[in-house]
Each structure stands twice: as structure tokens, then as C-alpha cells.
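A.B. asks: fold the following for me, if possible:
(chains A and B)
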Amino acid sequence: MTLLLAMVKAFLVGGAICLIGQILIDRTALTPGKVLVLFVVCGVVLGALGLYEPLVRFAGEGATVPITGFGWALAKGTREAVDEQGWRGILQGPLASASVGVMAAVLSALLVSAVARPKEK
Amino acid sequence: MAISKEDYAALARRYAPPSPLWKDCAAAFLCGGTICALSQLALALLQQAGADEETGRLLVMIGLIAGTAVCTALGVFDKLAKHAGAGTAVPITGFANAVVSPALESKSEGFVLGTAAQMFSIAGPVIVFGCGSAAVWGLVYFLWKKAGG
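C.D. replies: Okay, the predicted model is just below:
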């Protein structure tokens, strides 16, 4: 029952974040790529201000799976890096926090490109 | 026949009515929500199998990225994305597709300057601005700590 509730919360919050993105794509000149950039930066800013953490606690994956959650993870990781390493963390934190996601995407892109052919459009 | 940019824009607006906003929004909400709800389920299963929350989250993210890569290669992702719009673009699946799709499409231009270079055509800006703003935050936080905040 708690799992079902957690899934409903994730559905509602994750869906709402995508809904905002859709309105931006339809009603402004922003392309999906630019919306991704905007949402990552929003995630970083909200994470830095401590406003995203409560959303993650409430909605779980509904807040972490959208790209805003990626930004939140960058802000959180950078803060932890500064706590541990001082000024070095400013340079080490951001990329280190992004590394798992970026490497997973890079490796799967390499694998797929090596094996598959581009689809006819 | 000469046609000014303004006339053309007016014509284009007349002949290509905007896709109904509510329909796009409903699709984005449902699809994005479903991806997040299923991720929540996957996280719960991983935690039951003994993973801690942070590891579980990373595994779910890796799974979503790898799954997107396979769906992109099979051509399934594009079909879904056409209907879902931001529903697949805003979750991490959109980031993964933005890496995999141009990588695959540019294969004919070579593996080094095609695949490897194009991989970052959209992911590059995302990483630059994401990490850039995180570094600014890191600097602010560092100075704030120094100041005894």
C-alpha cells in the first residue's frame, strides 16, 4: 500500500514536471534541447536553495527521474564535495556528480552505434 | 514569386494550426508520470533486494538510460516520443536519447568525428550549463562557509 502511494506521488509530480516542459515547448520558441538545459539549471538552482530536497522526499523518483533531478544531484554533489575538499570541490563536484549518468549514456551510445544501423526516417 | 518573411510566417500559421495544447499536455503528463511511477516501482524492488536508496536510484537511472538506448536503436523511442513530447524528453530518457540518437545517425560520418562528436550536440550544452551552474553554486557555498555562515 505504501508502494502504491509512492508510485502515485511519483506519477503526479513527474507528470507535472513534464507538463510544464510541454507547455514551454508548445507555447514558447524553446526547442526540447533548450528545455533540457533550462530544466537542468533550474534543478541546480532549486537544489542550491534547498527547495528541491522536500520534493524528492515527497515524490521520490517523480522528482529525481526528470532532468531537474539531475540538476539537483549536481548541486547536492557539489555541496558535499566542497564540504569534504574545500575549494577543490568547486571544480571536482559538478562533473563527478554527473559522471554516472553521462558515462552510462556515452557507453550505451557507443555500444548501440557499433551494433545498430540508423533507422530510415 | 517573391514572398516576404512575414507573409510566409502568416501563411505557415494558417496552414499549420498549432497542435492542441491540452492533448500534448495530457500525453506528456501521462507518459512522464508513468515513467516516474515505474521507476519508483523499480527502486522499491531494488531496495527489497538489498540496495540502499542512493545505489538504487543510480541503478534505476542506468536502467532508464540503457533502455532508452535500445529503444532508440530499434526505432521505438522516436515513435513514442512523437506522441509523448516532453513526457519522454524531460525525464532522463530524453537526455539519453539526445546522446544516443545523434551518435547513431552520424555513424556514416565516421566513428570519431561522426558518432563520438555528435553524441554531445545536445548533451554538451546540458552538461556545460548544468555543471557550470553547479560550480557557481559551489563557489557561493564555499565563500559562504568561509564567511562563517
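A.B. asks: all helices of chain A, in order?
C.D. replies: Applying DSSP state H to chain A gives helices spanning A:2-27, A:32-48, A:52-59, A:61-64, A:67-85, A:88-115.
A.B. asks: of these, which is nearest chain B?
C.D. replies: Closest to chain B of the helices of chain A is helix A:2-27 (C-beta to the nearest C-beta; 2.7 Å). Glycine gets a C-beta too; all of them are placed from N, C-alpha and C.
A.B. asks: give me the element the most centrally placed residue in chain B is part of.
C.D. replies: For chain B, the residue whose C-alpha lies nearest the mean C-alpha position (C-alpha atoms, centre = their mean) is residue B:94; its distance is 2.2 Å. Taking DSSP states H and E as the definition, residue B:94 sits inside helix B:92-105.
A.B. asks: what about that helix, near chain A?
C.D. replies: Yes - applying C-beta under 8 Å from any C-beta of the partner chain, one finds helix B:92-105 touching chain A at B:92, B:94, B:95, B:96, B:98, B:99, B:100, B:103, B:104, B:105.
A.B. asks: if we can go back for a sec, of the helices of chain A, which stretch is the most buried?
C.D. replies: Most buried of those, by mean neighbour count (mean count of other C-beta atoms under 10 Å in any protein chain shown): helix A:61-64, with a mean of 29.
A.B. asks: so what's the closest residue to residue B:47 other than its chain neighbours up against?
C.D. replies: Spatially, and ignoring its direct neighbours in sequence, residue B:47 is nearest to residue B:56 (5.3 Å; C-beta to C-beta, 6 or more residues apart in numbering or on different chains). Neighbour list for residue B:56: B:43, B:46, B:47 [criterion: C-beta atoms under 8 Å, 6 or more residues apart in numbering or on different chains].
A.B. asks: just checking, residue A:66 touches residue B:36?
C.D. replies: Yes - taking contacts as C-beta atoms under 8 Å, residue A:66 lies within contact range of residue B:36: 7.3 Å.
A.B. asks: identify the contacts common to those two.
C.D. replies: A:14, B:91.
A.B. asks: assumed residue B:148 was part of a helix.
C.D. replies: No - per DSSP: H, G, I helix; E, B strand; the rest coil, residue B:148 lies outside any helix segment and is coil.
A.B. asks: what's the neighbour count on it?
C.D. replies: Burial of residue B:148 is recorded as 5 neighbouring residues (other C-beta atoms under 10 Å in any protein chain shown).
A.B. asks: kindly report the same for residue B:21.
C.D. replies: 12.
A.B. asks: pLDDT wise, what is residue B:2 at?
C.D. replies: Residue B:2 is assigned 69 on the pLDDT scale.
A.B. asks: sorry, slip of the keys, the one I care about is residue B:17.
C.D. replies: For residue B:17, pLDDT reads 62.
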